[in-house]
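Visitor: Sequence unavailable; structure follows:
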């Protein structure tokens, strides 16, 4: 009876989810919202197949999330900002190719695993690591799950780490790698109101048990009126092996209580930061890349360019990407996108790739990002009535491979003044 009841509850949840999805995708049709599609202007349409231009339709009453792809448009009944917050939930994204592949190939192993940063996968091993703060004593408890794919042998560990670290308010798993017989779980952890502490928690791949905990030394401010701003960049492909993890360490000349006010990105893994006027930014005294080696436990560093306040463009977007041994740093101003590539093993710098807004269309750059060895750029005039133009460029040489623009497919009975009231200024990539 208990088992039947559990199945009944599960079936009810499945039906509820199906009904919700049906409601979501039918929403635009019910409200007679206009239909848009991303149309190729030039280049290979396959290069634009993964693009999504996002914003909102505000014609008539209310504001509705609008995403435009080559396949058409999608609407949601939340405003753009509500939807952006909602998509930041903790549910794992099966639409990420490497995560989706794991669900198809190892569905039993993947059950109940929700941290997409907690996976490592190579030809012989599949590893998942996660941690949580346990109430009421605020201890960190680890969950390690290891599958040797060639033999099917599986090892699990649930318990405390190698060292008692005292009370913690939070823990974030940043990256998981395997080096020799060790599993490395790079974490950010600490207490609220204090600087985040980065640690390499090491576990035995044969037993899953903790081996050691290594606190990473990322430097200290050189004076009382200065502070460090630290961002980390892990391998772009979430499950892929990479012997390195990169920290970008900036020393700021003036303390700021809120990192978002400093104009410096305060997040990770291709983080983005919107524009802050140069005269409101703390002065960046130095910037360096600190490269952590999982195998040796050593931290090497090399300097990164810091422009003077006078020559620095007013950034609208920035992101950083690590693919293998290559660290790519994208900086987008209103008139151009610049991408610089570094080899993290020796700090050598390759030639810069520059894409100008006028190569794409009239207007200013509103959004830019890197993924899949491509640079994606969105150019738009300030008026809402002008549709943006999206471009895809080769990350190595800056060649424009594709240009596309949203077009109206079906007004769905809406008057022209409402059709003009559409706001599309964000660029996404379905990876």
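Guide: Perfect, I can see it now. Computed from a predicted structure; not experimentally measured.

Visitor: Name the helix or strand of the protein that has the lowest mean pLDDT.
Guide: In the chain, no helix or strand scores lower on mean pLDDT, DSSP states H and E than helix 2-30, which sits at a mean of 43.

Visitor: residues near residue 328, how many?
Guide: Using other CB atoms under 10 Å, residue 328 has 22 neighbouring residues. (Glycine included, C-beta is placed from N, CA and C.)

Visitor: Quickly list what the closest residue to residue 304 other than its chain neighbours is bridged to.
Guide: What sits nearest to residue 304 in space, not counting adjacent residues and going by CB to CB, 6 or more residues apart in numbering, is residue 287, at 4.4 Å. Here residue 287 sits in beta bridges with residue 250, going by DSSP bridges.

Visitor: Verify the stated contact: residue 287 with residue 318.
Guide: No - with contact defined as CB atoms under 8 Å, residue 287 does not count as touching residue 318 (11.9 Å).

Visitor: Which one's more surrounded, those two?
Guide: Of the pair residue 287 and residue 318, residue 318 is the one with more neighbours under other CB under 10 Å, namely 21 against 17.

Visitor: The more buried one: helix or strand, and which one exactly?
Guide: Assigned by DSSP states H and E, residue 318 belongs to strand 317-323.

Visitor: Next secondary structure element downstream of that strand?
Guide: Using DSSP H and E, the next helix or strand after strand 317-323 towards the C-terminus is strand 326-332.

Visitor: Who are the packing partners of that following strand?
Guide: When contacts are defined as 3 or more CB pairs under 8 Å, 6 or more residues apart in numbering; DSSP states H and E, strand 326-332 sits against strand 317-323, strand 336-343, strand 364-371.

Visitor: Could you tell me the least trusted of the ones you listed?
Guide: Mean pLDDT values for the helices and strands packed on strand 326-332 show the minimum at strand 317-323, a mean of 88.

Visitor: Give me the buried positions along that one.
Guide: 317-323 (16 or more other CB atoms under 10 Å).

Visitor: Would you mark the buried spots in stretch 289-299?
Guide: Judged by neighbour count using 16+ other CB under 10 Å, the buried positions of stretch 289-299 are 289-292, 294.

Visitor: Check stretch 335-351 too.
Guide: By neighbour count on 16+ other CB under 10 Å, the buried set for stretch 335-351 is 336-342, 344, 347.

Visitor: can you map out the helices along the stretch 1-150 of the chain?
Guide: Remark: helices assigned in the stretch 1-150 of the chain by DSSP state H, counting those that start in this stretch are 2-30, 80-86, 97-105, 107-110.

Visitor: Show me what the shortest one is in contact with.
Guide: Translated: helix 107-110. For helix 107-110, contacts defined as CB atoms under 8 Å, 6 or more residues apart in numbering pick out 102-103, 126, 128, 145, 147, 154.

Visitor: out of these, which is most surrounded?
Guide: Neighbour counts for the contacts of helix 107-110, by other CB under 10 Å, peak at residue 128, which reaches 24 neighbours.

Visitor: got the contact list for it?
Guide: When the contact criterion is CB under 8 Å, 6+ apart, the partners of residue 128 are 109, 113, 115, 118-120, 143-146, 176.

Visitor: distance of residue 428 from residue 186?
Guide: Applying CB to CB, to the nearest Å, the value for residue 428 to residue 186 is 26 Å.

Visitor: Mind checking which of the two has more residues around it?
Guide: Using other CB under 10 Å, the more surrounded residue of residue 428 and residue 186 is residue 186, with 23 against 17.

Visitor: Which pLDDT does the model give that one?
Guide: 98.

Visitor: What's opposite residue 371 in the beta bridge?
Guide: Beta-bridge partners, per DSSP bridges, of residue 371: residue 374.

Visitor: That one: how many residues sit nearby?
Guide: With other CB under 10 Å as criterion, residue 371 counts 18.

Visitor: Could you do residue 421 as well?
Guide: Residues contacting residue 421 under the criterion other CB under 10 Å number 16.

Visitor: I'd say residue 328 and residue 343 touch.
Guide: No - counting by CB under 8 Å, residue 328 does not reach residue 343; the two are 10.9 Å apart.

Visitor: dump the residue contacts of residue 284.
Guide: Contact analysis of residue 284 by CB under 8 Å, 6+ apart lists 250-253, 264, 306.

Visitor: try 6 Å this time
Guide: Contact analysis of residue 284 by CB atoms under 6 Å, 6 or more residues apart in numbering lists 250, 306.

Visitor: cool, residue 286 as well?
Guide: By CB under 6 Å, 6+ apart, the contact list for residue 286 reads residue 251.

Visitor: State the helix or strand in which residue 175 lies.
Guide: According to DSSP H and E, residue 175 maps onto strand 170-179.

Visitor: Actually, residue 424.
Guide: Here residue 424, judged by DSSP H and E, is contained in strand 422-429.

Visitor: Return the set of buried residues in that strand.
Guide: Within strand 422-429, the residues that count as buried by 16+ other CB under 10 Å are 422-424, 426-428.

Visitor: now stretch 57-73
Guide: Under the neighbour-count criterion of 16+ other CB under 10 Å, stretch 57-73 has 57-59, 63-70, 73 buried.

Visitor: Now intersect those residues with the strands, please.
Guide: Counting by DSSP state E, the part of those found in strands is 57, 64-69, 73.

Visitor: Spatially, which two of the residues you listed are the most separated?
Guide: 64 and 69 (16.2 Å; CB to CB).

Visitor: Neighbours of residue 124, how many?
Guide: Residue 124 has 11 neighbours, counted by other CB under 10 Å.

Visitor: returning to what we had before: tabulate the buried residues of stretch 57-73 (TSV), appending distance to residue 39.
Guide: Formatted as TSV, these follow (distance: CB to CB, whole Å):
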residue	distance to residue 39
57	18
58	22
59	20
63	24
64	21
65	21
66	16
67	15
68	10
69	11
70	8
73	12
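
Visitor: can you put those residues in JSON lines and add distance to residue 207 and pLDDT?
Guide: Output for those, formatted as JSON lines (distance: CB to CB, whole Å; pLDDT from 0 to 100):
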{"residue": "57", "distance to residue 207": "55", "pLDDT": "86"}
{"residue": "58", "distance to residue 207": "57", "pLDDT": "82"}
{"residue": "59", "distance to residue 207": "61", "pLDDT": "73"}
{"residue": "63", "distance to residue 207": "54", "pLDDT": "80"}
{"residue": "64", "distance to residue 207": "53", "pLDDT": "85"}
{"residue": "65", "distance to residue 207": "47", "pLDDT": "88"}
{"residue": "66", "distance to residue 207": "51", "pLDDT": "90"}
{"residue": "67", "distance to residue 207": "46", "pLDDT": "91"}
{"residue": "68", "distance to residue 207": "51", "pLDDT": "95"}
{"residue": "69", "distance to residue 207": "47", "pLDDT": "94"}
{"residue": "70", "distance to residue 207": "49", "pLDDT": "96"}
{"residue": "73", "distance to residue 207": "52", "pLDDT": "91"}
